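Visitor: mind looking at a prediction? Sequence and model below.
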Amino acid sequence: MGIRAWLFHRVVNWLRADVVPQHHLYSNYKRLSFEVEPGDVVLVEGRTRVSEVIKTVTQSNWTHSAIYIGRLMDINDHVLRETIAKHYDGDPTEQLLIESMLGQGTIVTPLKNYQGEHLRICRPMGLSREDQMRVIRYAASQLGMEYDVRQLLDLARFFFPYALLPRRWRSSLFEQHPGEATRHVCSSMMAEAYSAVNFPVLPFIERRPDGSMILYKRNPRLFVPKDFDYSPYFDVLKFPYLDRGDIAAYRCLPWSESGIVYNDENDFRQRLRETVRSGDESLSDTEGQDETAASLDGEQKLDDTPDNPEQAADAEKDDRPTETR
């Protein structure tokens, strides 16, 4: 491995490292894994350094997207199943996603890898079963392609005023570059998959004077994960940790009576750590007081004990009740 490749992998590993703790019980993974269907888009709120960059660029908490393809054993198309199997050698009963990951390219990933994360499902409205499989076939055809880091940087520059940027910094999203067909980011790959079946995500619509309309496709390289959540042509399915029955009985939810409010997740976790720490200190003080009390009781009992057996016998005799005749 050359120095350039070694340095690239070190940077990628640094960017992919988790820097934010897991969110506090936002999603019910068990329910989500039961309800998800092939062709659904799964949105993820990432916790890595690159996720924090994407949040800043896109102004959205959704930093990653993947397409759910179901279980390998449930795919009836023999060619499609073999294509996926070349990139996945795990349990055929496992629920699977196709996604584009920094440092890994377009890969097959078990859905359970995102257990404990903040997730959301975006389901294309009215997408036929046939087109579901066409979308999955397109995504499978991209397996093995590299992640387009250049596009991510271009996308970041695209959000700045174009005229104010120096020419060498301006976005090259619309330019053609050798090898561009072999690289993807997560959302652009899925936008192309739905575009392949002419399913609208965020199309441009021209209304004509005669009442007719014409749809124009948006550049798939400009799509970001939040666009699937924003699109009016996708149903948004949420699976909160609290059951719907619990939410309906919101007056009975176990709200804290302390009156404390928190600014964000970090604030909440910091206060939680302080509470646990103070609780431990209080427990230590209580244990210390109990030990001191036990020690004093023991000393008092020792002081009350007679020095010799004769005194003990006399004390016992004095303690006997006097019989009255």
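Guide: That came through, no problem.
Visitor: buried ones in stretch 26-37?
Guide: By 16 or more other CB atoms under 10 Å, the buried positions in stretch 26-37 come out as 26-29, 31-33, 36. Where you see a C-beta, it was placed from the backbone N, CA and C, and this is true even at glycine.
Visitor: so which of those residues comes closest to His64?
Guide: Distance to His64 across the buried residues of stretch 26-37 (CB to CB) is lowest for Ser27, with 14.0 Å.
Visitor: angles on the backbone of the nearest residue to that closest one once chain neighbours are set aside, please.
Guide: Taking CB to CB, 6 or more residues apart in numbering, and ignoring the residues beside it in sequence, Ser27 has Leu119 as its nearest neighbour in space, at 4.7 Å. For Leu119, the backbone dihedrals (degrees, to the nearest 10) come out as phi -120, psi 160.
Visitor: what about Leu119, how many residues nearby?
Guide: Number of residues near Leu119 (other CB atoms under 10 Å) recorded here: 24.
Visitor: who are the contact partners of it?
Guide: By CB atoms under 8 Å, 6 or more residues apart in numbering, Leu119 lies in contact with 27, 29, 32, 42-45, 239.
Visitor: secondary structure and pLDDT for those - can I get that in TSV?
Guide: Conversion of those to TSV gives the following (DSSP: H, G, I helix; E, B strand; the rest coil; pLDDT from 0 to 100):
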residue	secondary structure	pLDDT
Ser27	strand	87
Tyr29	helix	92
Leu32	helix	94
Val42	strand	97
Leu43	strand	95
Val44	strand	93
Glu45	coil	91
Phe239	coil	88
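Visitor: could you single out the nearest of these to Glu52?
Guide: Glu52 has its nearest neighbour among those in Glu45, at 10.9 Å by CB to CB.
Visitor: just give me the neighbour total for that closest one.
Guide: For Glu45, the tally of surrounding residues (other CB under 10 Å) stands at 21.
Visitor: quick one, strands of the stretch 1-150 of the chain?
Guide: Listed from the start of the chain, the stretch 1-150 of the chain has strands (DSSP state E, counting those that start in this stretch) covering 41-44, 64-71, 95-101, 105-110, 119-124, 146-147.
Visitor: to Val135, which of the ones you listed lies closest?
Guide: Within the strands of the stretch 1-150 of the chain, the stretch nearest Val135 is strand 64-71; the backing value is 7.0 Å (CB to CB).
Visitor: what lines up beside the closest one in the sheet?
Guide: Pairing partners of strand 64-71, with direction, according to DSSP bridges: strand 41-44 (antiparallel), strand 95-101 (antiparallel).
Visitor: gap between Ala193 and Arg218?
Guide: 14 Å (CB to CB, to the nearest Å).
Visitor: next up, the contacts around the nearest residue to Ala196 once chain neighbours are set aside.
Guide: Across the structure, with CB to CB, 6+ apart as the measure, the residue nearest Ala196 apart from its sequence neighbours is Tyr138 (4.8 Å). By CB under 8 Å, 6+ apart, the contact list for Tyr138 reads 192-193, 196.
Visitor: what's the closest of those to Arg271?
Guide: Taking CB to CB as the measure, Ala193 is the one of the contacts of Tyr138 closest to Arg271, at 43.6 Å.
Visitor: mind checking pLDDT for the closest one?
Guide: The per-residue pLDDT reported for Ala193 equals 93.
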